[in-house]
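Student: When you get a sec, could you give me coordinates for this:
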Amino acid sequence: MAASMKALIAYDGSACADAALQDLKRAGLPGEVEAMVVSVAESWLSPSSTVFKPFLTAATGTLSAPVEEARNLAVVASQRLRTIFPAWDLRAEELVGSPASAVLIKADEWKPDLIVVGSHGRSTLGSFILGSVSQKVVAEAHCSVRVARGRGIDARAPARILLGFDGSLDARAAVRTIASRAWPEKSAIRVLAILAPAISASPLLPWAPEQIFQREASAREWMQKQVEEAGEELRSSGLSVTSVITAGDPKQALLDEADGRNADCIFIGGRGHNRLVRFMLGSVATAVVARAHCSVEVVRLEKSV
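Tutor: Numbers count the residues shown, from 1 in each chain. Next up is the predicted model:
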């Protein structure tokens, strides 16, 4: 049977990377996954460069210690995942280069549906899944990205999911992603829809107060319909759904809601933008990734091209 998902999993051997592997138990991923585990031997040189000799032995031309270590780390991580997900089709591969760029290049070549990275980490290979690396991957990947933070929760415990929703195509893709996964019984999702801040009357805006009121009422009515449709799809997958529509700073609202509900994961669209609301722009996704206490999955409609 063909795998229903392709996942590229970055691993650097740190405690954070190990926690990220464990977090995948709580991600609701399908039983049939084609997964590639990659570790990076950090270098700012291309493997084809004539200056790339520190990574080859002079006598045999075989890979040197940093690349061998990266290879070993990837193999160890893939073996660990095989014990967790025995039905997955797993492979391991070492990469060389700037950590974030190496992962992004491999993603463009291999075209996964999902990239998984840890939120922080440091290994003897050098800095790898540091915050700046995960931020770069989130900002530049063409496919969905999960920044995983393991929290030591029983994989069978009900999941607490928070969905940041703006009605955009990627936000709707996030709804489909969540609904397609296998969650523990009694798992619950909170749909948080955040409208753009209220428009204030200004000499620069030729709108009368009643026009402003009508625009905001129209935006809220449109959003309410989108949220109701999302809720129906999520309930059909067996999730318990609650929702709220509010206005304000989306970054802070998502973080506050995640903290208040002790969320296991935040799902957000990666490129939200429509005529009535402006929400999941890249700055929001990267800010939430940087500051959230839990895992964050940034969903994009299309995989790498």
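Student: C-alpha from now on. contacts and neighbour counts both.
Tutor: OK.
Student: Residue 243: what secondary structure?
Tutor: strand (DSSP: H, G, I helix; E, B strand; the rest coil).
Student: check which helix or strand covers the nearest residue to it once chain neighbours are set aside.
Tutor: Leaving out its chain neighbours, the residue that sits closest to residue 243 by CA to CA, 6 or more residues apart in numbering is residue 191, at 4.5 Å. Here residue 191 sits within strand 188-195, counting by DSSP states H and E.
Student: any idea of the angle the helix ranked longest in the chain forms with strand 188-195?
Tutor: The longest helix of the chain (DSSP state H) is helix 209-235. Calculated by axes from the mean of the first three to the mean of the last three CA atoms, to 10 degrees, helix 209-235 forms an angle of 160 degrees with strand 188-195.
Student: Enumerate the positions of helix 209-235 that are buried.
Tutor: 212, 216, 219, 220, 223, 224, 226, 227, 230, 231, 233, 234 (16 or more other CA atoms under 10 Å).
Student: Against residue 247, how distant is the residue nearest to residue 243?
Tutor: 14 Å (CA to CA, to the nearest Å).
Student: could you pull out the strands for the chain?
Tutor: 5-10, 33-42, 89-97, 114-118, 122-123, 126-127, 144-148, 160-165, 188-195, 240-247, 265-269, 295-299 (DSSP state E).
Student: Report all helices and strands that the third one contacts.
Tutor: Put plainly, it is strand 89-97. strand 33-42, helix 65-84, helix 99-110 (3 or more CA pairs under 8 Å, 6 or more residues apart in numbering; DSSP states H and E).
Student: winner for burial among these?
Tutor: strand 33-42 (a mean of 23; mean count of other CA atoms under 10 Å).
Student: Throw the helices and strands packed on strand 89-97 into CSV and include mean pLDDT, thanks.
Tutor: Below are those laid out as CSV (pLDDT from 0 to 100):
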stretch, mean pLDDT
strand 33-42, 95
helix 65-84, 94
helix 99-110, 95
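Student: Out of those, which is closest to residue 178?
Tutor: Residue 178 sits nearest to strand 33-42 of all the helices and strands packed on strand 89-97, at 16.0 Å, using CA to CA.
Student: quick one, what contacts residue 287?
Tutor: Contacts here follow CA atoms under 8 Å, 6 or more residues apart in numbering; on that basis residue 287 touches residue 251.
Student: Equivalent analysis for residue 67, please.
Tutor: By CA under 8 Å, 6+ apart, the neighbours of residue 67 are 40, 41, 55, 94, 95, 96.
Student: for residue 238, same thing?
Tutor: With the criterion set at CA under 8 Å, 6+ apart, residue 238 makes contact with 185, 186.
Student: Next, it: phi, psi?
Tutor: The phi/psi pair for residue 238 (degrees, to the nearest 10) reads phi 100, psi 0.
Student: how far away is it from residue 172?
Tutor: 18 Å.
Student: same question, residue 254
Tutor: Relative to residue 172, and taking CA to CA, residue 254 is found at 17 Å.
Student: In JSON lines: the helices and strands packed on strand 89-97, plus distance to residue 182.
Tutor: As requested, the helices and strands packed on strand 89-97 are exported to JSON lines (distance: least, CA to CA, whole Å):
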{"stretch": "strand 33-42", "distance to residue 182": "13"}
{"stretch": "helix 65-84", "distance to residue 182": "15"}
{"stretch": "helix 99-110", "distance to residue 182": "25"}
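Student: so which of those comes closest to residue 90?
Tutor: strand 33-42 (4.9 Å).
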